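*Asks:* Next input, structure requested:
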Amino acid sequence: MKYRRLGKTDIRVSVIGIGTWQLGGEWGKIFEQAAVDAMLEKAAELGVNLIDTAECYGDHLSEKLIGQALKGRREKWIIATKFGHKFKPNFERDCLFEPAQVQEQLEESLRSLKTDYLDLYQFHSGNDEMFDVPGLWEMLRKQVKAGKVRHLGVSISRKQGSMYQVDKSSTVGAEAIQVVYNRIERKPEGQIFDSCIRQNLGVLARVPLASGFLSGKYSKDAKFTGSDVRSVWPDNEMNEHVEEVAKVQSEVPQGTPMAQWALAWCLRHPAVTCVIPGCKTVEQVELNAMATDLPDIRDDHPQAV
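*Replies:* A predicted model of the protein is given here:
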């Protein structure tokens, strides 16, 4: 496993992390505790040390599964979670960004994760008005001083995006950005990543496999169950993903699994600290971690440690 420093923080993170939206039950599978235990045990064995979750992944369900799995070995993991949404069925959310609401979410996340501190606490895909809610960042900085949070971050909305939030991150005390970035979704290249480099912000690249499509296993005829968030995607969005993946397949070296190549591709960019692919099995954890063996992952990366 290779490691990079998360921006200006003192956190040393594995370049391959684990995203855990799937543990909330919205990606077509319900997880038992034993399965989560096995995946995280294997990840730790392979040197993975960062896990990213959120309060709205099944109304703290993902956090609860993680908290139980990490019981007794909390200090070996970098735990990142998020605030701002309340889980609702059918892939819906309520937005909750008032300071008192976020304080309540923080306490519930700490209880769910069975920890007394978070390594990274991230503003979760809100708009600019929510970002500027009076007193929000002042309250969060108090949590840092109190030791309940080590570092603050901003997870940028996939659809809206926000240069405003990225540019203002250092001002409000945030030290990391999370953004959708992969071979077929490259919007952060340019202004967003330039700003991150300029401010020395860590970057977590989420959806690095384009919701599984950069594994190369889905066609236009792919069908997803009603419990899978991809089941509500418009057909044209599904087809666009398949077509874009087909265009880049020629870039994958012969004999290299497409998913591993896609993870390594993200990690080539000098702004990107870590990728956080989801996983549903121990085998997927192993395959993701093996991406670090590919030569595309630079040892001379600006954040390499």
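*Asks:* Tell me where the stretch 151-300 of the chain is predicted with low confidence.
*Replies:* Residue ranges of the stretch 151-300 of the chain with pLDDT under 70: 160-161.
*Asks:* Could you pull out the strands in it for me?
*Replies:* Remark: strands assigned in the stretch 151-300 of the chain by DSSP state E, counting those that start in this stretch are 174-180, 202-206, 274-276.
*Asks:* who does the longest one pair up with?
*Replies:* Each strand pairing with strand 174-180, determined using DSSP bridges, is listed with its direction: strand 149-155 (parallel), strand 202-206 (parallel).
*Asks:* May I see the ones you listed arranged in a markdown table, with mean neighbour count and distance to R183 as well?
*Replies:* Backbone N, C-alpha and C define where each C-beta goes, glycine included. Putting the strands paired with strand 174-180 into a markdown table (neighbours: other Cβ atoms under 10 Å; distance: least, Cβ to Cβ, whole Å) gives the following:
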| stretch | mean neighbour count | distance to R183 |
| --- | --- | --- |
| strand 149-155 | 23 | 20 |
| strand 202-206 | 25 | 11 |
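*Asks:* So C274 is in contact with I11, correct?
*Replies:* No: using Cβ atoms under 8 Å, C274 is not in contact with I11, being 10.1 Å away.
*Asks:* shared neighbours of those two, anything?
*Replies:* G202 (Cβ atoms under 8 Å, 6 or more residues apart in numbering).
*Asks:* Could you check which of these two is surrounded by more residues?
*Replies:* C274 (30 against 22; other Cβ atoms under 10 Å).
*Asks:* E107: how many residues sit nearby?
*Replies:* 12.
*Asks:* Distance from the chain centre to the strand or helix carrying it, please.
*Replies:* Element membership of E107 [criterion: DSSP states H and E] is helix 99-113. Put simply, helix 99-113 sits 19 Å off its chain's centre (Cα atoms, centre = their mean, to the nearest Å).
*Asks:* following it, which helix or strand comes up?
*Replies:* With secondary structure assigned by DSSP H and E, helix 99-113 is succeeded by strand 118-124.
*Asks:* what are the pairing partners of that next one, and which direction each?
*Replies:* Going by DSSP bridges, the partners of strand 118-124 are strand 78-83 (parallel), strand 149-155 (parallel).
*Asks:* how about a markdown table for the ones you listed, with distance to P208 added?
*Replies:* Below are those laid out as a markdown table (distance: least, Cβ to Cβ, whole Å):
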| stretch | distance to P208 |
| --- | --- |
| strand 78-83 | 15 |
| strand 149-155 | 14 |
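*Asks:* and A205, which of the ones you listed is closest to it?
*Replies:* strand 149-155 (11.4 Å; Cβ to Cβ).
*Asks:* got the angle between that closest one and helix 99-113?
*Replies:* 110 degrees (axes from the mean of the first three to the mean of the last three Cα atoms, to 10 degrees).
*Asks:* any residues touching the helix holding E107, and which ones?
*Replies:* 53, 55, 60, 63-64, 66-67, 70, 79, 81, 83-84, 96, 116-118, 121, 133, 135-136, 138-140, 143, 148-149.
*Asks:* Drop anything exposed from these.
*Replies:* For those, a burial check counting by 16 or more other Cβ atoms under 10 Å picks out 53, 55, 60, 63-64, 66-67, 70, 79, 81, 83-84, 96, 117-118, 121, 133, 136, 140, 143, 148-149.
*Asks:* before we move on, back to that, quick check: which of the strands paired with strand 174-180 is nearest to L214?
*Replies:* strand 202-206 (12.1 Å).
*Asks:* quick revisit: quick one, which of the strands paired with strand 118-124 is nearest to P295?
*Replies:* Per Cβ to Cβ, nearest to P295 of the strands paired with strand 118-124: strand 78-83, 25.8 Å.
*Asks:* what is the mean pLDDT for that closest one?
*Replies:* The average pLDDT within strand 78-83 is 98.
*Asks:* Outside of it itself, list whatever touches it.
*Replies:* By Cβ under 8 Å, 6+ apart, the residues outside strand 78-83 that reach it are 6, 11, 13, 17, 49-56, 63, 66, 70, 96-97, 102, 105-106, 109, 113, 115, 118-124, 153, 155, 178, 204.
*Asks:* please redo it, this time with the cut-off set to 7 Å
*Replies:* By Cβ atoms under 7 Å, 6 or more residues apart in numbering, the residues outside strand 78-83 that reach it are 11, 13, 49-55, 63, 102, 105-106, 109, 113, 115, 118-124, 155.
*Asks:* What residues sit buried inside the next helix or strand after it?
*Replies:* Later in the chain than strand 78-83, the nearest helix or strand by DSSP H and E is strand 85-88. For strand 85-88, the neighbour count (16+ other Cβ under 10 Å) marks H85, F87 as buried.
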